[in-house]
Every structure is written in C-alpha cells, then in structure tokens.
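Peer 1: Predicted model, plus sequence, below.
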Amino acid sequence: MKSILKIKRYISRRVFYYLYARMFKNYQKTTYIKDPDIIEGHQYISLGDGVVIQTMAWLLAYKQDNIDPIISIEDGSVIGRFSHIVALRSIAIGKNVLIADKVYISDNIHAYEDITKPILQQEIVFKGDVEIGDNSWIGENVSIIGAKIGVHCIVGANAVVLRDIPSYSVVVGNPAKVIKTYNHDKEIWEKIE
C-alpha cells in the first residue's frame, strides 16, 4: 500500500511539474504542490528545491499597482494544509521552515476607514514586508501580518504576529509576545520574566 501511495505522489508531482512549472517565477522538479485550492499570480511565485505545499493551500501574489509582488519559499520548507499566503509586495519564507495547517500569512490588510463603503470594496493596504527566517516553526492557526520573524523561531498555535520577532525566540498569544529566547553563552532556552 505504501509503495502505491509513493507511486501516486510521484506521478502527481511529475504531472503538476510538466503542466504548471513554466507558469511560476521559479519552480523546481523536487517541489511538490498537492491539490491546491487557488494559486494566483504564478509569475510572481518562486518555490525552491524540496518545497512541499499541502492540500487546499491558497497562494496569491496580487499586483495592485506598478510594483511586482513576490512570494518566495526557499529550499526544504513545508507549508501545511489550508494555508493562505497573500503578498501585495513581499513575503519571503526561508529555508527549512515548517508551517502547520491553517496558517495565514499576509503583508497587507483591507482598508476599513470609510464607513460609507463595504470593507470588501475598499482598497488593499500594504502593512509591511513579511520574512520568516530559516529553520523556524509556525504553529497551527497562526496569523502573521506585516511582520518579520527571525531564524530558528517557534510561533505557538493560534498566535497573531503583528510585530517583528527576534531570532531564536519562542512567541505565543494575541498579540504574540516573546516568552523564551536562546542564550548562546549558556546554550539553553531561557524564559523571559
């Protein structure tokens, strides 16, 4: 049974590669996108070696003006099921990043200030470039909006990240706050008092 599943995955990967790879800015033979929900703005999406994007993901690189958006996911990163990644300008996910299911990553929000218009009809507003550093782990149901996360960070489930997070940090909560950092001198993770 396992060998049949491996064969099905291999065939699915090859078919997707030959049908869609040329549409992307960068798409490697070892990249695997399994049954995406929506992918828009292929020409602005760059996927490195060994990137895995699980089922029902929505990737949107939205060109609203004269600036080309970019979604860049580097080598070895894994994006969980039902994840939603939206770039108006720039979202850069580093190498070997593990992103759990149902994660929302965006560099923008909908404007809401004009109460005479439905929010749906208001412009999309850039909040800030998003970066997720190498070797980080993003827990389930996390939202990251216009913030940078350093290398080797852990973002706990259900956290809402609206501000930059330094490297080697553990963050939780809404809004997310640092609860641990790695002490390189002692070579241990220490709680923040």
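Peer 2: Yes, it's here.
Peer 1: CA atoms for contacts and neighbours, from now on please.
Peer 2: Noted.
Peer 1: Give the buried residues for the lowest-mean-pLDDT helix or strand in the chain.
Peer 2: Ranked by mean pLDDT, DSSP states H and E, the weakest helix or strand in the chain is helix 2-20, scoring a mean of 80. By 16 or more other CA atoms under 10 Å, the buried positions in helix 2-20 come out as 13, 14, 16, 17.
Peer 1: Equivalent analysis for stretch 93-109, please.
Peer 2: 93-108.
Peer 1: Tell me the span between the first and last residue of that stretch.
Peer 2: Taking CA to CA, to the nearest Å, stretch 93-109 runs 19 Å from one end to the other.
Peer 1: Stretch 98-112 now?
Peer 2: 32 Å.
Peer 1: likewise stretch 108-116?
Peer 2: Span of stretch 108-116 from end to end, CA to CA: 21 Å.
Peer 1: circling back to that earlier point, tell me the two of the buried residues of stretch 93-109 that are most distant?
Peer 2: 96 and 108 (24.5 Å; CA to CA).
Peer 1: Give me the contacts around the one helix or strand residue 109 maps to.
Peer 2: Counting by DSSP states H and E, the element that carries residue 109 is strand 108-110. With CA atoms under 8 Å, 6 or more residues apart in numbering as the test, strand 108-110 has contacts from 86-88, 119-120, 122-128, 145-146.
Peer 1: before we move on, back to that, which ones among the buried residues of stretch 93-109 map onto strands?
Peer 2: The strands, defined by DSSP state E, take in 93, 98, 99, 104, 105, 106, 108 from those.
Peer 1: any idea which helix or strand comes after the strand ranked longest in the chain?
Peer 2: Longest strand in the chain by number of residues (criterion: DSSP E): strand 177-183. Downstream of strand 177-183, the next assigned helix or strand under DSSP H and E is strand 188-191.
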